[in-house]
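J.: sequence below, structure please.
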Amino acid sequence: MTGRFDDQAATSGQATPADADPTPPTAEIQQPLYTDPSVSGPFPVSGGPSGPYPVSGGPSGPHPVSGGPSGPHQVGGGASGPYAVPGRHSADGYAPAVYQQPQQQPAGQVVPAFAQQAQPHGQQPPPAHDLASSRLLKQAKRPPQSGWRKFLFSATGGALNLGESPADTKRRELIGRINQPLHGCYKIAMLSLKGGVGKTTTTTTLGSTFSSLRGDRVIAVDANPDRGTLSQKIPLETTATVRHLLRDVERITKYSDVRAYTSQGPSRLEVLASEQDPAVSEAFSDEDYRRTVNLLEHFYNIVLTDCGTGLMHSAMRGVLDQADSLVIVSSGSVDGARSASATLDWLDAHGYRDLVSRSVAVINSVRPKSGKVDLDKLSEHFAARCRAVCRIPFDPHLEEGAEIELDLLTPETRLALLELGATVADDFPAASRR
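T.: Have a look, this model is predicted:
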(Lines give C-alpha, C1' and ligand atoms only; values in the text may rest on other atoms or scores of the structure.)
Protein backbone atom coordinates (compact mmCIF):
# COMPACT_ATOMS: atom_id res chain seq x y z
CA MET A 1 0.00 0.00 0.00
CA THR A 2 1.34 3.38 -0.94
CA GLY A 3 0.51 6.79 0.36
CA ARG A 4 -0.88 9.76 -1.37
CA PHE A 5 2.66 11.04 -2.00
CA ASP A 6 3.40 8.05 -4.31
CA ASP A 7 0.19 8.62 -6.22
CA GLN A 8 0.96 12.19 -6.84
CA ALA A 9 4.48 11.36 -8.06
CA ALA A 10 3.14 8.84 -10.54
CA THR A 11 0.44 11.10 -11.97
CA SER A 12 2.60 14.20 -12.21
CA GLY A 13 5.11 12.54 -14.57
CA GLN A 14 8.25 13.78 -12.79
CA ALA A 15 11.69 12.50 -13.92
CA THR A 16 13.64 9.91 -12.02
CA PRO A 17 16.85 10.87 -10.14
CA ALA A 18 18.98 9.58 -13.06
CA ASP A 19 17.38 12.14 -15.37
CA ALA A 20 17.02 14.95 -12.89
CA ASP A 21 19.31 17.78 -12.03
CA PRO A 22 22.04 16.55 -9.55
CA THR A 23 21.37 19.55 -7.36
CA PRO A 24 19.03 18.38 -4.61
CA PRO A 25 15.76 20.30 -4.35
CA THR A 26 15.53 22.87 -1.67
CA ALA A 27 11.81 22.55 -1.13
CA GLU A 28 10.68 20.57 1.86
CA ILE A 29 9.37 17.09 1.01
CA GLN A 30 5.84 16.56 2.32
CA GLN A 31 5.19 13.45 4.35
CA PRO A 32 2.15 11.29 3.66
CA LEU A 33 -0.95 12.26 5.59
CA TYR A 34 -1.96 8.67 6.34
CA THR A 35 -0.19 5.35 6.60
CA ASP A 36 -1.94 2.06 7.09
CA PRO A 37 -0.71 0.66 10.40
CA SER A 38 -1.59 -2.91 9.38
CA VAL A 39 1.08 -3.12 6.77
CA SER A 40 4.67 -3.74 8.05
CA GLY A 41 7.98 -3.52 6.23
CA PRO A 42 10.38 -0.88 4.97
CA PHE A 43 8.99 2.43 4.04
CA PRO A 44 9.27 2.90 0.29
CA VAL A 45 10.89 6.09 -0.91
CA SER A 46 10.32 7.37 -4.38
CA GLY A 47 13.04 8.65 -6.63
CA GLY A 48 14.78 5.62 -8.07
CA PRO A 49 16.81 2.66 -6.96
CA SER A 50 19.16 2.80 -3.98
CA GLY A 51 23.00 2.80 -4.33
CA PRO A 52 25.85 5.25 -4.95
CA TYR A 53 24.87 8.53 -6.41
CA PRO A 54 26.20 8.78 -9.96
CA VAL A 55 28.14 11.90 -10.88
CA SER A 56 28.53 12.95 -14.47
CA GLY A 57 31.78 14.18 -15.92
CA GLY A 58 33.97 11.17 -16.53
CA PRO A 59 35.45 8.16 -14.80
CA SER A 60 36.39 8.21 -11.12
CA GLY A 61 40.02 8.41 -9.93
CA PRO A 62 42.69 11.07 -9.36
CA HIS A 63 42.03 14.31 -11.15
CA PRO A 64 44.55 14.73 -13.97
CA VAL A 65 46.35 18.07 -14.10
CA SER A 66 47.70 19.34 -17.37
CA GLY A 67 51.08 20.95 -17.73
CA GLY A 68 53.61 18.16 -17.83
CA PRO A 69 54.73 15.14 -15.84
CA SER A 70 54.49 15.07 -12.07
CA GLY A 71 57.56 15.54 -9.82
CA PRO A 72 59.61 18.40 -8.38
CA HIS A 73 59.29 21.67 -10.21
CA GLN A 74 62.45 22.48 -12.09
CA VAL A 75 63.70 26.03 -11.67
CA GLY A 76 66.02 27.38 -14.30
CA GLY A 77 69.07 29.47 -13.67
CA GLY A 78 71.74 27.05 -12.58
CA ALA A 79 72.44 24.17 -10.25
CA SER A 80 70.51 23.71 -7.05
CA GLY A 81 72.04 24.52 -3.69
CA PRO A 82 72.44 27.50 -1.33
CA TYR A 83 71.93 30.87 -2.83
CA ALA A 84 75.09 32.93 -2.67
CA VAL A 85 74.71 36.66 -2.15
CA PRO A 86 76.83 38.67 -4.59
CA GLY A 87 79.62 40.72 -3.14
CA ARG A 88 80.71 38.17 -0.51
CA HIS A 89 83.70 36.00 -1.34
CA SER A 90 85.29 33.32 0.77
CA ALA A 91 88.71 34.60 -0.19
CA ASP A 92 88.10 37.73 1.88
CA GLY A 93 87.83 35.65 5.02
CA TYR A 94 84.03 36.00 5.29
CA ALA A 95 81.65 33.15 4.87
CA PRO A 96 79.13 33.80 2.07
CA ALA A 97 75.61 34.57 3.13
CA VAL A 98 73.38 31.62 2.37
CA TYR A 99 69.71 31.71 1.52
CA GLN A 100 68.04 28.34 1.83
CA GLN A 101 64.95 27.66 -0.24
CA PRO A 102 62.10 26.50 2.02
CA GLN A 103 60.90 23.01 1.32
CA GLN A 104 57.78 22.77 -0.83
CA GLN A 105 54.93 20.86 0.74
CA PRO A 106 52.59 18.77 -1.42
CA ALA A 107 49.39 20.51 -2.44
CA GLY A 108 46.56 19.97 -0.03
CA GLN A 109 48.79 18.71 2.80
CA VAL A 110 48.53 20.56 6.07
CA VAL A 111 51.76 20.72 8.08
CA PRO A 112 51.37 21.16 11.87
CA ALA A 113 53.11 24.09 13.46
CA PHE A 114 55.28 21.90 15.66
CA ALA A 115 56.46 19.90 12.64
CA GLN A 116 57.65 23.07 10.94
CA GLN A 117 60.10 23.60 13.81
CA ALA A 118 61.36 20.00 13.82
CA GLN A 119 65.02 19.10 13.41
CA PRO A 120 66.28 18.64 9.83
CA HIS A 121 66.51 15.11 8.52
CA GLY A 122 69.60 13.28 9.87
CA GLN A 123 70.32 15.81 12.65
CA GLN A 124 70.17 14.43 16.20
CA PRO A 125 68.43 16.40 18.97
CA PRO A 126 70.75 18.13 21.44
CA PRO A 127 71.94 15.89 24.28
CA ALA A 128 70.58 16.29 27.77
CA HIS A 129 73.90 17.52 29.17
CA ASP A 130 73.48 20.71 27.13
CA LEU A 131 71.19 21.85 29.93
CA ALA A 132 73.71 21.15 32.67
CA SER A 133 74.25 23.99 35.10
CA SER A 134 77.97 24.04 34.28
CA ARG A 135 77.08 25.05 30.71
CA LEU A 136 74.20 27.39 31.40
CA LEU A 137 75.59 29.27 34.38
CA LYS A 138 78.56 31.57 34.18
CA GLN A 139 81.37 29.98 36.14
CA ALA A 140 82.96 32.37 38.61
CA LYS A 141 86.63 32.12 39.49
CA ARG A 142 87.45 30.22 42.63
CA PRO A 143 88.90 32.47 45.33
CA PRO A 144 92.63 31.95 45.95
CA GLN A 145 93.60 29.96 49.01
CA SER A 146 97.22 30.99 49.49
CA GLY A 147 99.99 33.35 48.45
CA TRP A 148 99.84 36.91 47.22
CA ARG A 149 96.65 36.20 45.30
CA LYS A 150 94.84 35.55 48.57
CA PHE A 151 96.33 38.74 50.04
CA LEU A 152 94.97 40.85 47.16
CA PHE A 153 91.60 39.11 47.35
CA SER A 154 91.32 39.83 51.08
CA ALA A 155 92.66 43.40 50.84
CA THR A 156 90.09 44.36 48.19
CA GLY A 157 87.20 42.69 49.95
CA GLY A 158 86.86 40.15 47.15
CA ALA A 159 86.64 42.77 44.39
CA LEU A 160 89.94 41.64 42.83
CA ASN A 161 89.83 37.89 42.26
CA LEU A 162 92.73 36.53 40.22
CA GLY A 163 91.61 32.95 40.72
CA GLU A 164 93.49 30.01 42.15
CA SER A 165 97.23 29.70 41.91
CA PRO A 166 98.74 26.57 40.31
CA ALA A 167 99.50 25.25 43.80
CA ASP A 168 95.87 25.71 44.88
CA THR A 169 94.66 23.96 41.73
CA LYS A 170 97.00 21.01 42.32
CA ARG A 171 95.89 20.73 45.94
CA ARG A 172 92.22 20.71 44.92
CA GLU A 173 92.87 17.99 42.34
CA LEU A 174 94.64 15.83 44.94
CA ILE A 175 91.72 16.23 47.35
CA GLY A 176 89.36 15.18 44.57
CA ARG A 177 91.35 11.99 44.04
CA ILE A 178 91.33 11.25 47.77
CA ASN A 179 87.54 11.55 47.78
CA GLN A 180 87.02 8.92 45.10
CA PRO A 181 83.98 6.70 45.80
CA LEU A 182 84.74 3.62 47.85
CA HIS A 183 82.44 0.61 48.01
CA GLY A 184 82.86 -1.60 51.03
CA CYS A 185 85.89 -1.63 53.31
CA TYR A 186 89.41 -0.94 52.01
CA LYS A 187 92.21 -2.47 54.08
CA ILE A 188 95.78 -1.10 53.98
CA ALA A 189 98.75 -2.88 55.56
CA MET A 190 101.72 -0.72 56.61
CA LEU A 191 104.95 -2.76 56.48
CA SER A 192 108.61 -2.34 57.28
CA LEU A 193 111.32 -4.78 58.30
CA LYS A 194 113.41 -2.12 60.00
CA GLY A 195 112.37 -0.09 63.01
CA GLY A 196 112.84 3.65 63.26
CA VAL A 197 111.87 4.45 59.66
CA GLY A 198 108.62 6.19 60.61
CA LYS A 199 106.13 3.41 59.84
CA THR A 200 103.79 4.23 62.75
CA THR A 201 104.07 7.94 62.02
CA THR A 202 103.21 7.33 58.36
CA THR A 203 100.23 5.21 59.44
CA THR A 204 98.92 8.06 61.59
CA THR A 205 99.47 10.84 59.06
CA LEU A 206 97.98 8.85 56.16
CA GLY A 207 94.96 7.85 58.22
CA SER A 208 94.52 11.43 59.46
CA THR A 209 94.64 12.72 55.89
CA PHE A 210 91.88 10.33 54.85
CA SER A 211 89.68 11.00 57.87
CA SER A 212 90.01 14.81 57.66
CA LEU A 213 89.00 14.97 53.98
CA ARG A 214 86.59 12.08 53.51
CA GLY A 215 83.17 11.80 55.04
CA ASP A 216 83.40 8.11 55.93
CA ARG A 217 84.97 6.45 58.96
CA VAL A 218 88.67 5.60 59.13
CA ILE A 219 90.39 3.51 61.81
CA ALA A 220 94.00 2.44 62.41
CA VAL A 221 94.65 -0.88 64.16
CA ASP A 222 97.84 -1.52 66.09
CA ALA A 223 98.82 -5.10 65.19
CA ASN A 224 102.32 -4.83 66.57
CA PRO A 225 102.81 -7.76 68.98
CA ASP A 226 105.64 -5.94 70.74
CA ARG A 227 103.73 -3.15 72.54
CA GLY A 228 103.08 -0.81 69.64
CA THR A 229 103.06 2.97 69.96
CA LEU A 230 100.21 3.82 67.57
CA SER A 231 97.91 4.87 70.39
CA GLN A 232 100.46 7.50 71.48
CA LYS A 233 100.05 9.47 68.24
CA ILE A 234 96.57 10.79 69.14
CA PRO A 235 94.95 11.89 72.42
CA LEU A 236 94.09 8.79 74.47
CA GLU A 237 90.38 8.52 75.28
CA THR A 238 90.18 4.97 76.60
CA THR A 239 92.45 2.30 78.02
CA ALA A 240 90.59 -0.44 76.11
CA THR A 241 92.62 -2.48 73.64
CA VAL A 242 92.00 -4.95 70.86
CA ARG A 243 91.93 -7.69 73.51
CA HIS A 244 88.91 -6.09 75.20
CA LEU A 245 87.19 -5.72 71.84
CA LEU A 246 87.61 -9.42 71.06
CA ARG A 247 86.44 -10.38 74.54
CA ASP A 248 83.16 -8.46 74.07
CA VAL A 249 82.68 -9.09 70.35
CA GLU A 250 79.37 -10.92 70.89
CA ARG A 251 77.81 -7.85 72.51
CA ILE A 252 78.82 -5.39 69.76
CA THR A 253 75.98 -4.70 67.35
CA LYS A 254 76.32 -1.02 66.38
CA TYR A 255 78.92 1.67 65.82
CA SER A 256 78.50 3.26 69.23
CA ASP A 257 79.47 -0.09 70.78
CA VAL A 258 82.76 -0.14 68.85
CA ARG A 259 83.42 3.51 69.63
CA ALA A 260 83.79 2.65 73.32
CA TYR A 261 87.02 0.76 72.51
CA THR A 262 88.72 3.37 70.29
CA SER A 263 90.34 6.79 70.70
CA GLN A 264 89.73 9.59 68.21
CA GLY A 265 92.10 12.38 67.23
CA PRO A 266 91.37 15.93 66.00
CA SER A 267 91.29 14.69 62.40
CA ARG A 268 88.54 12.13 63.23
CA LEU A 269 90.99 9.25 62.88
CA GLU A 270 90.20 6.46 65.32
CA VAL A 271 92.85 4.15 66.80
CA LEU A 272 92.38 0.68 68.22
CA ALA A 273 95.35 0.14 70.54
CA SER A 274 97.30 -3.05 71.04
CA GLU A 275 97.86 -4.70 74.39
CA GLN A 276 100.10 -2.54 76.60
CA ASP A 277 100.30 -4.77 79.69
CA PRO A 278 103.74 -6.47 79.77
CA ALA A 279 102.29 -9.24 81.94
CA VAL A 280 100.13 -10.48 79.07
CA SER A 281 102.06 -13.25 77.32
CA GLU A 282 99.40 -14.28 74.82
CA ALA A 283 100.39 -13.26 71.30
CA PHE A 284 98.06 -11.50 68.86
CA SER A 285 97.36 -14.42 66.53
CA ASP A 286 96.26 -14.78 62.94
CA GLU A 287 92.74 -15.74 64.04
CA ASP A 288 92.55 -12.75 66.39
CA TYR A 289 93.35 -10.34 63.58
CA ARG A 290 90.81 -11.90 61.21
CA ARG A 291 88.06 -11.65 63.85
CA THR A 292 89.01 -8.03 64.49
CA VAL A 293 88.89 -7.02 60.82
CA ASN A 294 85.68 -8.94 60.17
CA LEU A 295 84.05 -6.87 62.90
CA LEU A 296 85.52 -3.49 61.94
CA GLU A 297 84.63 -3.74 58.24
CA HIS A 298 80.95 -3.50 59.19
CA PHE A 299 81.46 -0.02 60.66
CA TYR A 300 84.49 1.50 58.87
CA ASN A 301 85.31 2.19 55.22
CA ILE A 302 89.12 2.35 55.56
CA VAL A 303 91.15 0.18 57.94
CA LEU A 304 94.91 0.78 58.26
CA THR A 305 96.98 -1.86 60.03
CA ASP A 306 100.26 -0.88 61.66
CA CYS A 307 102.20 -4.13 61.51
CA GLY A 308 105.25 -5.06 63.52
CA THR A 309 108.77 -5.10 62.16
CA GLY A 310 108.84 -8.86 61.69
CA LEU A 311 107.25 -10.71 58.79
CA MET A 312 107.07 -14.04 60.63
CA HIS A 313 104.98 -13.08 63.65
CA SER A 314 101.68 -14.86 64.15
CA ALA A 315 99.31 -12.19 62.83
CA MET A 316 101.20 -11.40 59.61
CA ARG A 317 99.54 -14.02 57.42
CA GLY A 318 96.10 -12.76 58.37
CA VAL A 319 97.18 -9.18 57.67
CA LEU A 320 98.47 -10.00 54.19
CA ASP A 321 95.51 -12.20 53.26
CA GLN A 322 93.03 -9.48 54.21
CA ALA A 323 94.92 -6.51 52.72
CA ASP A 324 93.76 -4.71 49.56
CA SER A 325 97.08 -2.85 49.23
CA LEU A 326 100.45 -2.44 50.95
CA VAL A 327 102.42 0.63 51.94
CA ILE A 328 106.11 -0.23 52.25
CA VAL A 329 107.89 2.38 54.38
CA SER A 330 111.61 3.02 53.98
CA SER A 331 113.95 5.67 55.26
CA GLY A 332 116.30 7.65 53.06
CA SER A 333 119.30 5.67 54.27
CA VAL A 334 121.00 2.74 52.58
CA ASP A 335 120.13 0.20 55.28
CA GLY A 336 116.49 1.37 55.34
CA ALA A 337 116.23 0.96 51.57
CA ARG A 338 117.77 -2.51 51.73
CA SER A 339 115.29 -3.56 54.40
CA ALA A 340 112.35 -2.31 52.32
CA SER A 341 113.67 -4.12 49.26
CA ALA A 342 114.08 -7.30 51.32
CA THR A 343 110.44 -6.97 52.36
CA LEU A 344 109.38 -6.99 48.70
CA ASP A 345 111.62 -10.00 48.04
CA TRP A 346 110.02 -11.94 50.90
CA LEU A 347 106.52 -11.12 49.67
CA ASP A 348 107.37 -12.24 46.13
CA ALA A 349 108.77 -15.51 47.43
CA HIS A 350 105.72 -16.31 49.57
CA GLY A 351 102.94 -15.89 47.01
CA TYR A 352 102.10 -12.20 47.37
CA ARG A 353 103.47 -10.97 44.05
CA ASP A 354 100.09 -9.56 43.01
CA LEU A 355 99.91 -7.63 46.28
CA VAL A 356 103.40 -6.24 45.67
CA SER A 357 102.41 -5.04 42.18
CA ARG A 358 99.74 -2.77 43.65
CA SER A 359 101.76 -1.61 46.67
CA VAL A 360 103.04 1.93 47.29
CA ALA A 361 106.58 2.61 48.48
CA VAL A 362 107.14 5.56 50.84
CA ILE A 363 110.59 7.09 51.31
CA ASN A 364 110.35 8.88 54.63
CA SER A 365 113.03 11.44 55.49
CA VAL A 366 113.62 11.03 59.19
CA ARG A 367 116.58 13.44 59.11
CA PRO A 368 116.81 17.03 57.85
CA LYS A 369 119.26 16.03 55.12
CA SER A 370 119.65 12.84 53.16
CA GLY A 371 123.43 13.00 53.17
CA LYS A 372 125.09 11.30 50.24
CA VAL A 373 122.15 9.03 49.36
CA ASP A 374 120.67 9.76 45.94
CA LEU A 375 116.94 9.71 46.64
CA ASP A 376 116.10 9.90 42.94
CA LYS A 377 117.88 6.64 42.23
CA LEU A 378 116.26 5.15 45.31
CA SER A 379 112.85 6.13 43.93
CA GLU A 380 113.68 4.56 40.57
CA HIS A 381 114.53 1.28 42.30
CA PHE A 382 111.16 1.03 44.05
CA ALA A 383 109.22 2.37 41.05
CA ALA A 384 110.34 -0.68 39.07
CA ARG A 385 108.75 -3.01 41.63
CA CYS A 386 105.76 -1.09 43.10
CA ARG A 387 102.75 0.71 41.67
CA ALA A 388 104.00 4.12 42.82
CA VAL A 389 106.60 5.83 45.00
CA CYS A 390 105.96 8.79 47.33
CA ARG A 391 108.47 10.85 49.31
CA ILE A 392 107.73 12.47 52.66
CA PRO A 393 110.08 15.34 53.58
CA PHE A 394 111.54 15.89 57.01
CA ASP A 395 109.18 17.68 59.37
CA PRO A 396 110.08 19.03 62.84
CA HIS A 397 106.64 18.26 64.21
CA LEU A 398 106.89 14.60 63.23
CA GLU A 399 110.39 14.35 64.70
CA GLU A 400 108.97 15.07 68.17
CA GLY A 401 107.39 11.61 68.31
CA ALA A 402 104.38 12.91 70.24
CA GLU A 403 100.74 13.38 69.27
CA ILE A 404 100.34 14.42 65.63
CA GLU A 405 98.25 17.35 64.42
CA LEU A 406 98.04 18.00 60.71
CA ASP A 407 97.74 21.75 61.21
CA LEU A 408 101.24 21.83 62.73
CA LEU A 409 102.91 20.26 59.71
CA THR A 410 104.79 22.30 57.14
CA PRO A 411 103.07 23.03 53.80
CA GLU A 412 105.54 20.76 52.03
CA THR A 413 104.70 17.84 54.31
CA ARG A 414 100.95 18.45 53.96
CA LEU A 415 101.28 18.42 50.18
CA ALA A 416 103.35 15.22 50.27
CA LEU A 417 100.70 13.54 52.43
CA LEU A 418 97.99 14.63 49.97
CA GLU A 419 99.97 13.02 47.16
CA LEU A 420 100.37 9.83 49.21
CA GLY A 421 96.65 9.73 50.03
CA ALA A 422 95.69 10.37 46.40
CA THR A 423 98.05 7.66 45.19
CA VAL A 424 96.58 5.09 47.57
CA ALA A 425 93.02 6.19 46.72
CA ASP A 426 93.64 5.65 43.02
CA ASP A 427 93.21 1.94 43.75
CA PHE A 428 89.73 2.38 45.29
CA PRO A 429 87.78 1.84 42.02
CA ALA A 430 89.81 -1.29 41.18
CA ALA A 431 89.31 -2.73 44.67
CA SER A 432 85.54 -2.88 44.20
CA ARG A 433 86.04 -5.05 41.09
CA ARG A 434 88.42 -7.53 42.72
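J.: before we move on, which element is Val329 in?
T.: Val329 belongs to strand 325-331 when assigned by DSSP states H and E.
J.: quick one: list the elements packing against the helix or strand that that strand is followed by.
T.: Next along the chain after strand 325-331, taking DSSP H and E as the criterion, comes helix 334-349. Judged by 3 or more C-beta pairs under 8 Å, 6 or more residues apart in numbering; DSSP states H and E, helix 334-349 is in contact with strand 325-331, helix 353-357, helix 375-383. For every residue, glycine as well, the C-beta is placed using N, CA and C.
J.: with distance to Val389, mean neighbour count and mean pLDDT added, can I get the ones you listed in TSV?
T.: Shown next, in TSV, are the helices and strands packed on helix 334-349 (distance: least, C-beta to C-beta, whole Å; neighbours: other C-beta atoms under 10 Å; pLDDT from 0 to 100):
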stretch	distance to Val389	mean neighbour count	mean pLDDT
strand 325-331	10	25	94
helix 353-357	13	14	92
helix 375-383	5	15	92
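J.: among the ones you listed, which comes closest to Gly401?
T.: Nearest to Gly401, of all those, is strand 325-331, at 14.9 Å by C-beta to C-beta.
J.: export the helices and strands packed on helix 334-349 as TSV, with columns for distance to Leu311.
T.: Below are these laid out as TSV (distance: least, C-beta to C-beta, whole Å):
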stretch	distance to Leu311
strand 325-331	12
helix 353-357	13
helix 375-383	18
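J.: just the residues contacting the strand holding Val329, thanks.
T.: For strand 325-331, contacts defined as C-beta atoms under 8 Å, 6 or more residues apart in numbering pick out 186, 188-192, 194, 196-199, 202, 206, 336-337, 339-340, 343-344, 347, 355-356, 358-366, 378, 382, 386, 424, 427, 431.
J.: the closest residue to Glu399 other than its chain neighbours: neighbouring residues, count only.
T.: With C-beta to C-beta, 6 or more residues apart in numbering as the criterion, Glu399 has its nearest non-adjacent residue at 7.5 Å, and that residue is Val366. Val366: 17 surrounding residues under other C-beta atoms under 10 Å.
J.: just Leu420 next, same as before
T.: Residues near Leu420, counting by other C-beta under 10 Å, number 23.
J.: for Phe299, same thing?
T.: Per other C-beta under 10 Å, the neighbour tally for Phe299 reads 18.
J.: you'd agree it is up against Tyr255?
T.: Yes. Phe299 lies in contact with Tyr255 (C-beta atoms under 8 Å); the separation is 4.7 Å.
J.: between these two, which contacts overlap?
T.: In contact with both Phe299 and Tyr255: Arg217, using C-beta under 8 Å, 6+ apart.
J.: circling back to that earlier point, pull out the buried members of the contacts of strand 325-331.
T.: Listed as buried from the contacts of strand 325-331 are 186, 188-192, 194, 197-199, 202, 206, 336-337, 339-340, 343-344, 347, 355-356, 358-366, 378, 382, 386, 424, 427, 431; burial here means 16 or more other C-beta atoms under 10 Å.
J.: may I have the phi/psi pair for Ser263?
T.: Backbone torsions for Ser263, taken as degrees, to the nearest 10, come to phi -110, psi 150.
J.: quick check: it vs Val271, distance?
T.: 5 Å (C-beta to C-beta, to the nearest Å).
J.: point out where the chain drops to low pLDDT.
T.: For the chain, the stretches with pLDDT under 70 are 1-130, 133-134, 138-139, 277-283, 370.
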